[in-house]
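S.K.: When you get a sec, could you give me coordinates for this:
(one chain, ligands or ions: 1)
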Amino acid sequence: MLPRQNPTTTVAWHLLAKHYLSLRQHTLVDLFQQDPNRFDKLSYRIEKMVVDFSKNYLTQETIDCFVKLARTLNLNQSIEALFNGTRINETEDRAVLHTALRDLSNTKILVDGNDIRPDIARVKKQMKQFTHKVHSGTWLGYTKKKIKYIVNIGIGGSDLGPQMVTEALKPFMQKGITSYFVSNVDGYHLSQVLEHVKPAETLFIIASKTFTTQETMTNAYSARSWFLQHAHNEKHIVKHFVAISTNKQEVVKFGIAPDNMFVFWDWVGGRFSLWSAIGLSIALSIGYKNFEELLSGAYVADKHFRFTPFEHNIPFLMAMISLSYTHFCGATAEVVIPYSQLLHRLTPYLQQACMESNGKSVARDGTPVHYPTSGVIWGEPGTNGQHAFFQMLHQGTSLIPADFIAVVKSHNSLQHHQPILLSNFFAQTEALMTGKSEAVVRAELEKQGLAELMIQKLLPHKVFKGNHPSTSFLIEDLTPKNLGVLIALYEHKIFVQGCVLNIFSFDQWGVELGKQLANKILPELLSAKPVRTHDSSTNGLIQTYKKMRK
Ligand code: F6P
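M.R.: Model (predicted):
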């Protein structure tokens, strides 16, 4: 069982709150003036990545307070419980072992007394062999053509993770393969993808932990019909449809051969599943060896998280810094800005990982929590965000802590773009922190020769208060391994936050209600009868929809 303690009632929490009160009396620029070596002291290296926390409200004293709180809340015990297979997903009575999928040690990992490593190894072998068959042309479509197109049909964790990774690792793409991801039940999504692929050369991966998710199953059945319109014979499905799921019964019902099923287990949460067979689309896109590299990167982060003292523990510090902004500085959102087009799906991925995990309002003992839990995670790649929402980051009224992520090396043919991109990355974090004082703005306006009246009019609009915190992640190269490190750091950040907040991070009951209601409404939309079973707004909208569609 995980510890249960309201963090806000602890002495350590109050010490941290008090500390932040006094720390906020200083600006970030003050902190750098007081200690010009902040970068050396507050930036950390892991694998080929530097994580710089120094542009945050953070001093050694802050870290000491974080550690005190972690000790008070027995965080070490929770971390051990995560890795050793304790059923820490208590409301679903499951272990949480995505870390086992990338564990390269020789230690047994037990669930209900059984070592799960042989099962993991078996599925990995199946993935490896299958990937090899597809790439080498041993696996051919029904007209004996090689597979050229991979279409992953899934949603949420069965889509966001593999899609984000596949996009990020485009430079590693297997020659001759093009991958697509279909998630939305809006018919445009699947139909647009089907316009780009040829049935005889397409492999559909139906990725669903439960194999009952409405959106995925609707898309899967439509893809199946489309395929059969061309192939004309159900016996050909075997070469074009594979399933990834924990639900064998439903997979067989769909008509996918058991040999074409890649299993995973209830101890892999959907939003943490890209490391499991759900990563098949990744392996098919970039090769199995690169998929293994991704896992090895996550393992580096796992070891770091499990064995590094809190003072130097990157995901721990990420979590505590973020929590402190929410609880002691009034932040309600965090922005994640990758200065890498390849990472354009990172923020949507993190939205599910963070908000589905920690968007809860009930404590572990079932009582309501009286403090904020997950804030809003949002963002877009830089530099695009600069021309959209950065105005608000620089001059808005909210405190929005930011994660800036940049990759040093690029492998496209337009090498001269990279310093331009990176100059923006460096400039933005500096500008957010230092701002632009009245004196500087005045000097600039005077230099332009403006009249005093005009200067006074413009001055307040051109001042940047600065003092906006950010964390910078500088990655040498966006390799599978480095990406694995980055993702796992965020996963562990989320776990620490859930532990400190005394909530359960691995269930997602909040998505059920909407699903139930949609299931109730669907037959009402299909029936000709007037709908009167809801509130007047919902009834009215449904009736209007029915009229409009005529
Ligand atoms: O949105 C709820 C959810 O259960 C997610 O947690 C999950 O990733 C997604 O639906 C997809 O579920 P499945 O893989 O079972 O289709």
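
S.K.: who in the stretch 151-300 of the chain is up against the ligand?
M.R.: Counting by C-beta under 6 Å from any ligand atom, the stretch 151-300 of the chain comes close to the ligand at 155, 156, 157, 158, 208, 209, 210, 213, 216, 270, 271. Using the backbone N, CA and C atoms, a C-beta is placed for each residue, glycine as well.

S.K.: ok, and the most crowded of those?
M.R.: residue 158 (30 neighbours; other C-beta atoms under 10 Å).

S.K.: What count of nearby residues applies to the closest residue to that residue other than its chain neighbours?
M.R.: Closest residue to residue 158 apart from its sequence neighbours, by C-beta to C-beta, 6 or more residues apart in numbering: residue 207 at 4.1 Å. Residues lying near residue 207 (other C-beta under 10 Å) number 33.

S.K.: quick one: residue 207 and residue 281 touch, right?
M.R.: Yes - using C-beta atoms under 8 Å, residue 207 makes contact with residue 281 at a distance of 7.2 Å.

S.K.: isn't there a strand covering residue 262?
M.R.: Yes - per DSSP: H, G, I helix; E, B strand; the rest coil, residue 262 lies within a strand segment.

S.K.: Now do the contacts for the nearest residue to it once chain neighbours are set aside.
M.R.: Ranked by C-beta to C-beta, 6+ apart and with sequence neighbours excluded, the top spatial neighbour of residue 262 is residue 277, at 3.7 Å. By C-beta atoms under 8 Å, 6 or more residues apart in numbering, residue 277 lies in contact with 123, 127, 244, 262, 263, 264.

S.K.: who's in contact with the host helix or strand of residue 459?
M.R.: Taking DSSP states H and E as the criterion, residue 459 maps to helix 452-462. Contacts with helix 452-462, where a contact means C-beta under 8 Å, 6+ apart, come from 436, 438, 441, 442, 444, 445, 446, 450.

S.K.: go again using 7 Å as the cut-off
M.R.: Identification of contacts with helix 452-462 by C-beta atoms under 7 Å, 6 or more residues apart in numbering yields 438, 441, 442, 445, 446.

S.K.: Of the residues you listed, select the buried ones using a ChimeraX command.
M.R.: Those of these that count as buried under 16 or more other C-beta atoms under 10 Å are selected in ChimeraX with:
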select :441,442,445
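
S.K.: about what we covered before: can you redo the residues of the stretch 151-300 of the chain next to the ligand as CSV with pLDDT?
M.R.: Formatted as CSV, these follow (pLDDT from 0 to 100):
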residue, pLDDT
155, 98
156, 97
157, 97
158, 98
208, 96
209, 94
210, 93
213, 94
216, 97
270, 97
271, 98
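
S.K.: These in helices, which ones?
M.R.: Residues of these located in helices (DSSP state H): residue 216.

S.K.: now for the residues of the stretch 151-300 of the chain next to the ligand, which pair is the farthest apart?
M.R.: Pairwise distances across these (C-beta to C-beta) peak at 14.9 Å, for the pair 216 and 271.

S.K.: contacts for the helix or strand harbouring residue 444?
M.R.: Following DSSP H and E, one finds residue 444 within helix 438-447. Contacts with helix 438-447, where a contact means C-beta under 7 Å, 6+ apart, come from 455, 458, 459, 462, 463.

S.K.: now the residues you listed: which count as buried?
M.R.: 455, 458, 463.

S.K.: From those, pick the one nearest residue 304.
M.R.: residue 463 (41.2 Å).

S.K.: Near the ligand, list only the ones from the contacts of helix 438-447.
M.R.: Applying C-beta under 6 Å from any ligand atom to the contacts of helix 438-447, none is adjacent to the ligand.

S.K.: on that earlier part again, would you turn the buried ones among the contacts of helix 438-447 into JSON lines with pLDDT and distance to residue 250?
M.R.: Formatted as JSON lines, the buried ones among the contacts of helix 438-447 follow (pLDDT from 0 to 100; distance: C-beta to C-beta, whole Å):
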{"residue": "455", "pLDDT": "97", "distance to residue 250": "70"}
{"residue": "458", "pLDDT": "97", "distance to residue 250": "65"}
{"residue": "463", "pLDDT": "97", "distance to residue 250": "60"}
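
S.K.: Now tell me what touches stretch 343-351 from outside.
M.R.: With C-beta under 7 Å, 6+ apart as the contact definition, stretch 343-351 has outside contacts at 160-161, 163-164, 167-168, 336, 338, 377-381, 405, 490.

S.K.: Would you mind writing the CA trace of it as CSV?
M.R.: What follows is stretch 343-351, C-alpha atoms only, in CSV (Å, rounded to 0.1, in the frame of the first residue of the first chain):
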residue,chain,number,x,y,z
LEU,A,343,9.1,16.9,-31.1
HIS,A,344,5.8,18.5,-32.3
ARG,A,345,3.7,15.7,-30.7
LEU,A,346,5.5,15.8,-27.3
THR,A,347,3.1,18.3,-25.7
PRO,A,348,-0.1,16.3,-26.6
TYR,A,349,1.6,13.2,-25.3
LEU,A,350,2.5,14.9,-22.1
GLN,A,351,-1.0,16.3,-21.7
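
S.K.: just to revisit the earlier point, between residue 207 and residue 281, what contacts are shared?
M.R.: Joint contacts of residue 207 and residue 281 (C-beta under 7 Å, 6+ apart) are residue 152.

S.K.: ok, residue 109 to the ligand distance?
M.R.: Computed as C-beta to the nearest ligand atom, to the nearest Å, the residue 109 to the ligand distance reads 23 Å.

S.K.: Which residue comes closest to that residue once chain neighbours are left out?
M.R.: Per C-beta to C-beta, 6+ apart, closest to residue 109 is residue 100, 4.6 Å.

S.K.: Report the contact partners of the residue in the stretch 301-450 of the chain that the ligand sits nearest to.
M.R.: Nearest residue of the stretch 301-450 of the chain to the ligand: residue 356, at 5.8 Å (C-beta to the nearest ligand atom). Residues in contact with residue 356 (C-beta under 7 Å, 6+ apart) are 271, 508.

S.K.: Not counting sequence-adjacent ones, nearest residue to residue 19?
M.R.: Using C-beta to C-beta, 6+ apart, the closest residue to residue 19 is residue 65 (5.0 Å).

S.K.: Distance check, that neighbour against the ligand.
M.R.: Noted for residue 65: a distance of 34 Å to the ligand, by C-beta to the nearest ligand atom.

S.K.: what's that residue in contact with, if anything?
M.R.: 15, 16, 19.

S.K.: Get me the contact residues on the stretch 1-150 of the chain for the ligand.
M.R.: Going by C-beta under 6 Å from any ligand atom, none of the residues of the stretch 1-150 of the chain are near the ligand.

S.K.: can you give me the strands for the stretch 1-150 of the chain?
M.R.: Counting by DSSP state E, counting those that start in this stretch, one finds strands in the stretch 1-150 of the chain at the ranges 43-46, 49-52, 110-111, 114-115, 149-153.

S.K.: now those in CSV, with mean neighbour count, mean pLDDT and distance to residue 397?
M.R.: Shown next, in CSV, are the strands of the stretch 1-150 of the chain (neighbours: other C-beta atoms under 10 Å; pLDDT from 0 to 100; distance: least, C-beta to C-beta, whole Å):
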stretch, mean neighbour count, mean pLDDT, distance to residue 397
strand 43-46, 16, 98, 30
strand 49-52, 20, 98, 26
strand 110-111, 17, 96, 49
strand 114-115, 13, 96, 55
strand 149-153, 25, 98, 41
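
S.K.: Among these, which comes closest to residue 483?
M.R.: strand 49-52 (10.0 Å).
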